[in-house]
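**Q** Output the structure for:
(4 chains)
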There are 2 protein chains.
Amino acid sequence: MREVGAVKESTAFALAKVCRAHRANVGELLAELGLHVGQEMVLLELWERDGLRGGELAGRLGVEPPTVTKMLRRLEGCNLVERHRDPSDARSFRVYLTGKGRSLEGPVVRCWAAVEERTLAGMTPGERTTFYRLLTKVRANADLDFKRSQERAHSGDLFKRGRDAF
Amino acid sequence: MREVGAVKESTAFALAKVCRAHRANVGELLAELGLHVGQEMVLLELWERDGLRGGELAGRLGVEPPTVTKMLRRLEGCNLVERHRDPSDARSFRVYLTGKGRSLEGPVVRCWAAVEERTLAGMTPGERTTFYRLLTKVRANADLDFKRSQERAHSGDLFKRGRDAF
DNA sequence: TACGATTAATTAGCCGGCTAATTAACTGCG
DNA sequence: CGCAGTTAATTAGCCGGCTAATTAATCGTA
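**A** Numbering: from 1, shown residues only, chains lettered A, B, ... in the order given. This is a model prediction of the structure:
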């Protein structure tokens, strides 16, 4: 690939363009809920497991700690979460959802469902499955943390089968 | 899709995660060239067509004008581009590459080639083709401007065939 | 010709990301 | 016990995005 035109026809380039458009679409729907794109990721983790520490949130989101600091400050300002110092470690704090934060779960889930439908519109069930499978491969290539977590899960499988086998 | 867990298993969610990782990968390589991710998109357009106006750049990049204003100020600060007022329209200016800006073409193209290889690693040629095809579909769904440009190209084809037919 | 409407670009200010440097608390080891 | 080293979080400051509001120039039309 030596020409500029070739870059524009590459898959990586198409992916970059899709990314921006996808983010804009998510942002558009989340704006109706008063959220900025990215903030819903924090809430998603908390809906799954309330009371996470700041660092744990950063780890799960695959984001740097300063990003979490700023996002939490804003989410706290919107009364969506509360931070309480962890009694067992005065350096840390734990993040808890407020009632308002919990109440956004349904709307945000519906918002993502809408994005899902829009994103995959016009694709057959087979194409959707294939796309998801390939996207998972790409994610493993692009996101080393995700790859490691996949490998852990995989070695766990091997371990279970190994116990049956040996 | 009513549960949080279902969101995390959705294609749209996986796409969002891939996006962030992809952008980080591109950024990592571009940093070696002293560029920030996004700036190479501006240069890409200028390598293809030097002397674009600010608004044209925004249009081609699918980005809002203020974003272009700030990026150009920084690129100008790095001596990669120069802005000259358009003599035919005192409101506009035209953006021209400097020698330094032109010299980055090869390195950036190689950088994107490296990202391409990393992104698609471990995928068969058939999988790569399929992924690109589906990604183009997703792009049309997610990026309405892209969809419109595709439709224009398509209707152009129809027109040509129409002239032969009628 | 002169005035209103449109268009090009900028500014201000917000947000999610990042890195580098800092502060504060915990841990481990002599 | 005390101090060095590590870890958790914050701050400061940068960048690419966005919207809303502003300025400046062109165009259309009465």
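
**Q** what about the helices in chain A?
**A** A:4-8, A:11-31, A:39-48, A:54-61, A:65-77, A:99-103, A:105-120, A:125-142, A:144-165 (DSSP state H).

**Q** Tell me how far stretch A:113-124 lies from the chain's centre.
**A** 18 Å (CA atoms, centre = their mean, to the nearest Å).

**Q** looking only at pLDDT, what's the mean for it?
**A** Average pLDDT, stretch A:113-124: 96.

**Q** got a list of contacts for it?
**A** With contacts defined as CB atoms under 8 Å, 6 or more residues apart in numbering or on different chains, stretch A:113-124 is touched by A:22, A:25-26, A:29, A:128, A:131, B:1, B:7, B:10-12, B:15, B:134, B:137-138, B:141-142. Where C-beta positions appear, they are placed from N, C-alpha and C, glycine not excepted.

**Q** In chain A, what residue lies closest to DNA strand D?
**A** Distance from DNA strand D to each residue of chain A (CB to the nearest atom of the strand) is smallest for residue A:55, at 2.6 Å.

**Q** Run through who's touching the top strand by length along chain A.
**A** Longest strand of chain A, by residue count under DSSP state E: strand A:89-97. Strand A:89-97 is contacted by residues A:42-43, A:46-47, A:50-55, A:57, A:72, A:80-86 when judged by CB under 8 Å, 6+ apart.

**Q** out of the residues you listed, which touch DNA strand C?
**A** Among the contacts of strand A:89-97, no residue is within reach of DNA strand C (CB under 7 Å from any atom of the strand).

**Q** Was I right to think residue A:38 contacts residue A:74?
**A** No - applying CB atoms under 8 Å, one finds residue A:38 not in contact with residue A:74, separated by 10.2 Å.

**Q** What subset of the contacts of strand A:89-97 is buried?
**A** Buried by 16 or more other CB atoms under 10 Å in any protein chain shown: A:42-43, A:46-47, A:52-54, A:57, A:72, A:80-81, A:83, out of the contacts of strand A:89-97.

**Q** Output the set of residues of chain A in proximity to DNA strand C.
**A** Checking chain A against DNA strand C by CB under 7 Å from any atom of the strand, the hits are A:36-39, A:41, A:61-64, A:66-67, A:70-71, A:74, A:89-91.

**Q** change it to 10 Å
**A** Contact residues (CB under 10 Å from any atom of the strand) of chain A with DNA strand C: A:23, A:27, A:30, A:35-42, A:58, A:61-75, A:77-78, A:85-92.

**Q** out of those residues, which are buried?
**A** Buried, going by 16+ other CB under 10 Å: A:23, A:30, A:35, A:37-42, A:58, A:61, A:63, A:68, A:71-72, A:75, out of these.
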